[in-house]
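Undergrad: Got a sequence here, can you model it:
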Amino acid sequence: MDTEKRDEISALAVKLGAEGRWNEALKCWTDYFNEYDGNANAYYHLGVALYGASHRSHAFIALEEAIKRSPEHAMAHARIGFLYVESGNFGQAICHYVLALRHKPGLHPAKHGLIRAYVQKGRETIWRGNVEEAIALYQDALKVDSGHAEVHYRLGEAHARLGEHAQAIDAWKCAVERDDGNAELHYNMGVACDSLGKLNEAVQSYARAVSLDPRNVWAINNLGCVLAKLGRSDEALAVFQTAFALAPADAVLCFNLGQLHLNAGRVDAAVDKLRHSIKNRLAERR
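TA: Numbers count the residues shown, from 1 in each chain. Purely as a prediction, here's the structure:
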């Protein structure tokens, strides 16, 4: 088989793969490998086509062969890293993405994939109960991209799990600077600020969470609680009533609203809401 014909078949196979015509691409690669052993690039593109045609295990084999023939093939490392992420083997994914970036610094698929792998590995580690290791993983991810909003968010979550609310707030502030539209993030910041006694900051965070998610009953409830702590009773009452309209059967809301009425000397209203709280709590236990 002459070189010109070989290059023609491989170019066609790559073109078909780029167009998503995976089965046709595989047929071309079959013709190619029937005549020629192939180099690292050929095995890489074969792996891409096999994955596209839903032959994942064979894609692994082809990509591993590409790396065997050229250990510095950055795209092969990045692609096999992607497959490892999909299979839940985040440790192997991280190894391959690191190698991809070592051989080709700034390679976007590898950089993006490495951050994803660190985040997934961190979440998995937290589920296993090792929060400190997760924090280390998130910090490694920030070395790849110091401005990644989700990584700062996850880092804040991990610190909060350890009761390190000040560190959590610092991480979440970095996340907010890059993504101000996450209601859960603002809610969590409110909880952390409240825990540290930073009540005015807590109000701001809860209010932002509510503006982003107006049906978030717990954010509304917590906003009301903090307003009550600050002595802003009228505002707290309006907030609790909004929450109560969304969840009239919630025992905690009934209790908080009753407590606010009681503190304001509205005894009859307080008794009514506290009765509702007891009734709803008993109903929850049945």
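Undergrad: contacts and neighbour counts: CA atoms only from here.
TA: Fine.
Undergrad: Without its sequence neighbours, what residue ends up closest to P109?
TA: Nearest residue to P109, sequence neighbours excluded (Cα to Cα, 6 or more residues apart in numbering): A78, at 6.6 Å.
Undergrad: Can you name the residues that contact that neighbour?
TA: By Cα atoms under 8 Å, 6 or more residues apart in numbering, the residues touching A78 are 96-97, 100, 109-110, 113.
Undergrad: Residues contacting the helix or strand hosting I220, please?
TA: According to DSSP states H and E, I220 maps onto helix 217-229. Residues from elsewhere that reach helix 217-229, judged by Cα under 8 Å, 6+ apart: 187, 194, 199, 202-203, 206-207, 209-210, 233, 235-237, 239-240, 242-243, 246-247, 253, 256, 260.
Undergrad: switch to 6 Å and redo it
TA: For helix 217-229, the external contacting residues (Cα atoms under 6 Å, 6 or more residues apart in numbering) are 203, 206, 236, 239-240, 243.
Undergrad: Equivalent analysis for stretch 150-165, please.
TA: So stretch 150-165 is contacted by 135, 138, 168, 171-172, 175, 192 (Cα under 6 Å, 6+ apart).
Undergrad: List the buried residues for it?
TA: Buried residues in stretch 150-165, defined by neighbour count with 16 or more other Cα atoms under 10 Å: 150-160, 165.
Undergrad: Please flag which of these sit within helices.
TA: 150-160, 165 (DSSP state H).
Undergrad: Using TSV, lay out those together with pLDDT and distance to L12.
TA: Listed next are these as TSV, based on pLDDT from 0 to 100; distance: Cα to Cα, whole Å:
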residue	pLDDT	distance to L12
E150	95	40
V151	97	40
H152	97	44
Y153	96	44
R154	96	44
L155	97	46
G156	96	49
E157	95	48
A158	97	49
H159	97	52
A160	95	53
H165	94	57
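Undergrad: separation between the residue lying closest to N23 once chain neighbours are set aside and D234?
TA: Distance criterion Cα to Cα, 6+ apart; nearest residue to N23, sequence neighbours excluded, is A53 at 6.4 Å. Per Cα to Cα, to the nearest Å, A53 is found 63 Å from D234.
Undergrad: Could you do V210 as well?
TA: From V210 to D234 the distance is 18 Å (Cα to Cα).
Undergrad: List the buried residues in the helix or strand hosting Y118.
TA: Under the criterion of DSSP H and E, Y118 resides in helix 108-127. Within helix 108-127, the residues that count as buried by 16+ other Cα under 10 Å are 109-126.
Undergrad: coming back round to it: just the ones of the contacts of helix 217-229 in helices?
TA: Counting by DSSP H, the part of these found in helices is 203, 206, 236, 239-240, 243.
Undergrad: ok so, going back, of all the contacts of A78, which two lie farthest apart?
TA: H96 and P109 (11.7 Å; Cα to Cα).
Undergrad: Kindly state the pLDDT recorded for the residue nearest to P109?
TA: At A78, the predicted lDDT confidence score is 98.
Undergrad: Okay, buried residues for the helix or strand harbouring it please.
TA: In the assignment (DSSP H and E), A78 maps to helix 74-87. Counting neighbours by 16+ other Cα under 10 Å, one finds that the buried residues in helix 74-87 are 74-85.
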